[in-house]
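*Asks:* Build me a structure from this.
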Amino acid sequence: MDDVAVWSRTVVAGWMVALGAVSAVGFVAAGLLVSGQLPLFLWLLVASAALVVTGAVRVTVTDRDVTVHAVVLPLVRRRIPHSRIREASAKVSRPMELGGWGYRWMPGQTSVSLRAGDALWLELASGKFFVVTVDDAGEAAELVNGYVAQPGSSPGSQPGSQPGSPSAKG
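*Replies:* Below is the predicted model of the structure:
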């Protein structure tokens, strides 16, 4: 029986979770006290819930894929099979270069940015990037590249063969 390596880490932006929870309580209380503004308070409650849900994520690398899921609501997830990954690398990143805090979309890149520091950069077969800030990203990248290099997993190119990889960015 072959040993299968699995890597997993949790990253939490405590301020996002706390702000979401406190504002949710405040919006529920205000919604109960102020009549006629229920739709507004419901929208604000949704925004608060989004902070709580996206403020803590678990990143997992298995022999099949890389998964990022919300700790509070695990059904909220992004799963990327190794067959869609060209290369993985680790790079120190800041939220402002990733589009801000939380789950972000930018042209050619999607990120889950909960803090500054170590980040796992996945260059996808499409040429786009998926980035998540997480401790020990180098270890995760090494494991992903090992799985991507296995026959039947690669999207048609070997790690390091593509120009413009995250490690080549300034």
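*Asks:* Pretty sure Val11 sits against Ala56.
*Replies:* Yes - if you go by Cβ atoms under 8 Å, Val11 and Ala56 touch, sitting 7.3 Å apart. No exception for glycine: its C-beta is placed from N, CA and C like everyone else's.
*Asks:* Quick check: buried residues in stretch 43-55?
*Replies:* With burial defined by 16 or more other Cβ atoms under 10 Å, the residues of stretch 43-55 counted as buried are 44-45, 48-49, 51-55.
*Asks:* what stretches of this structure score poorly on pLDDT?
*Replies:* Low-confidence segments of the chain (pLDDT under 70): 1-2, 152-170.
*Asks:* What's the separation between the spatially most central residue of the chain and Met96?
*Replies:* Central residue of the chain (Cα atoms, centre = their mean): Val112, 3.4 Å from the mean position. With distances taken as Cβ to Cβ, to the nearest Å, Val112 is found 15 Å from Met96.
*Asks:* need the strands for this structure, in chain order.
*Replies:* In the chain, the strands defined using DSSP state E lie at 7-12, 56-61, 65-70, 77-81, 85-93, 102-106, 109-113, 117-124, 129-133.
*Asks:* who does the longest one pair up with?
*Replies:* Applying DSSP bridges, strand 85-93 is found paired with strand 117-124 (antiparallel).
*Asks:* got the angle between the partner strand and strand 129-133?
*Replies:* With axes from the mean of the first three to the mean of the last three Cα atoms, to 10 degrees defining the directions, strand 117-124 sits at 160 degrees from strand 129-133.
*Asks:* List the neighbours of strand 117-124 that are in contact with it.
*Replies:* Residues outside strand 117-124 that contact it (Cβ atoms under 8 Å, 6 or more residues apart in numbering): 59, 66, 80, 84-93, 98, 113, 129-138, 140-141, 144, 162, 164-167.
*Asks:* and what of stretch 16-27?
*Replies:* 41, 44-45, 47-56, 72, 101-102, 114.
*Asks:* buried stuff in that stretch?
*Replies:* Within stretch 16-27, the residues that count as buried by 16+ other Cβ under 10 Å are 16-17, 20-21, 23-24, 27.
*Asks:* Then stretch 3-12?
*Replies:* 7, 9, 11.
*Asks:* Quick one: end-to-end length of that stretch, please.
*Replies:* 30 Å (Cα to Cα, to the nearest Å).
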